[in-house]
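A.B. asks: next comes the sequence, and after it the predicted model I'd like to discuss.
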Amino acid sequence: MWMAGGAAAAVIAVAAVIAPSVGDVVSGGDDAAVGPTSAEVSDSGAVAFDASPEMSAEADLRGGAMMADGAQVISSASATLRVSDPTAALDAIGSAAITRGGYVESSRIGAWEPVQPIDVIPGAPGPAVSPDTSGGWMSVRVPADELPALVEDLAGIGEVVAASIDRTDVTAQVVDLEARVDAAEVSVERLTQLLAQAADVTDLIAAESALAERQATLESYQRQLEMLDDQIAMASLWVTVEPRTSPVAADPAGFTDGVAAGWNGLVATLNAIVIALGFLVPWILVIGVAGAVIWLAVRVIRRRRAKRAAAPSESKTE
């Protein structure tokens, strides 16, 4: 009895000690979501891709300084290219990403819908919707320090219509998740020790239930932290590819152009008439044959009626 009472008292004491810290861990689960805080770092120097090399280099130095200061930064970029061959351009983009230590995450050519950016960064850039169904898109991931160079590589693949690089500081989320993981690990360790000291079935069931809950919480935070680490290490690039369009011919601007346009209109009209006649010829033949058959039938019937009418008159005269 004294041992059972002591074990029960130990359960209550340990629960009282770890409840506040674990309560903070559990209640803060929603706050530890992988979305960024208001501390966002935008690389404004890379918003316009056609900026001067000095501005681009300065932007890259700013980005490198942020990383060197120990900040945890998620980098992402988007670009729109205008090319002659969308398929070849997408192949070149994928090859460039692989060369820089990355990989192709997804791509599509032809009739398509834009891919959605990873939900970790609300409002992250994604491929724009193109009304032309012969274009396409590609999503690639490369090491974060290779992202600016990969964006610059796009200029050698096609005409860069627009490009931007965004950097989001998630240091606060990383620190918060690491603290939650540490607290959850301490809680799991204490509950494991308590489980080994349980003297009766009631204490054992209570300890197992609490331990299972803490382990699930710990694994959830560990997965979120791993996801953040992966997105910090590997940047994302979304590229939309548009085909080049042929220039539209101008309307007639002078007498010569008017004559040419009139001649083209005459030729088009005559061509339409010839096509219409060709379409009507089979119908005319069928209608002509049917009309000839009907005419012959009517003529035969009239001759028979005339003969019948002439026969009684001849018999009366005799």
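C.D. replies: Done, it's in. Numbers count the residues shown, from 1 in each chain.

A.B. asks: any idea how far residue 195 lies from residue 227?
C.D. replies: Counting by CB to CB, to the nearest Å, the gap from residue 195 to residue 227 is 30 Å. (Glycine included, C-beta is placed from N, CA and C.)

A.B. asks: for residue 70, same thing?
C.D. replies: Counting by CB to CB - residue 70 and residue 227 are separated by 20 Å.

A.B. asks: quick one, which of these two is more surrounded?
C.D. replies: Neighbours were counted for residue 70 and for residue 227 using other CB atoms under 10 Å; residue 227 has more, 14 against 7.

A.B. asks: isn't residue 224 up against residue 178?
C.D. replies: No - under the criterion of CB atoms under 8 Å, residue 224 makes no contact with residue 178, lying 10.7 Å away.

A.B. asks: who has more neighbours, those two?
C.D. replies: Neighbour tally, residue 224 and residue 178, criterion other CB under 10 Å: the higher count belongs to residue 224, 20 against 13.

A.B. asks: now the one helix or strand that one maps to: mean pLDDT?
C.D. replies: Per DSSP states H and E, residue 224 falls inside helix 201-233. Averaging pLDDT along helix 201-233 yields 89.

A.B. asks: so which elements touch that helix?
C.D. replies: The helices and strands touching helix 201-233, judged by 3 or more CB pairs under 8 Å, 6 or more residues apart in numbering; DSSP states H and E, are helix 2-27, strand 73-83, helix 171-197.

A.B. asks: for the stretch 1-150 of the chain, give me the ranges with low pLDDT.
C.D. replies: Low-confidence segments of the stretch 1-150 of the chain (pLDDT under 70): 1-69, 111-133.

A.B. asks: how many neighbours does residue 140 have?
C.D. replies: 25.

A.B. asks: confirm it sits in a strand?
C.D. replies: Yes - assessed by DSSP: H, G, I helix; E, B strand; the rest coil, residue 140 belongs to a strand.

A.B. asks: so what's it closest to, chain neighbours aside?
C.D. replies: Take residue 140 and drop its neighbours on the chain: the residue closest to it by CB to CB, 6 or more residues apart in numbering is residue 97, 3.9 Å away.

A.B. asks: what about the one you found, neighbour count?
C.D. replies: Residues near residue 97, counting by other CB under 10 Å: 23.

A.B. asks: sec struct for it, please.
C.D. replies: Going by three-state DSSP: residue 97 is helix.

A.B. asks: now swap in the one 10 residues further on and tell me
C.D. replies: On the three-state scheme (three-state DSSP), residue 107 is labelled strand.

A.B. asks: is it true that it touches residue 97?
C.D. replies: No - if you go by CB under 8 Å, residue 107 and residue 97 don't touch, sitting 10.5 Å apart.

A.B. asks: still on that earlier bit, who's in contact with the residue nearest to residue 140?
C.D. replies: Residues in contact with residue 97 (CB atoms under 8 Å, 6 or more residues apart in numbering) are 103-104, 140-142, 150, 237.
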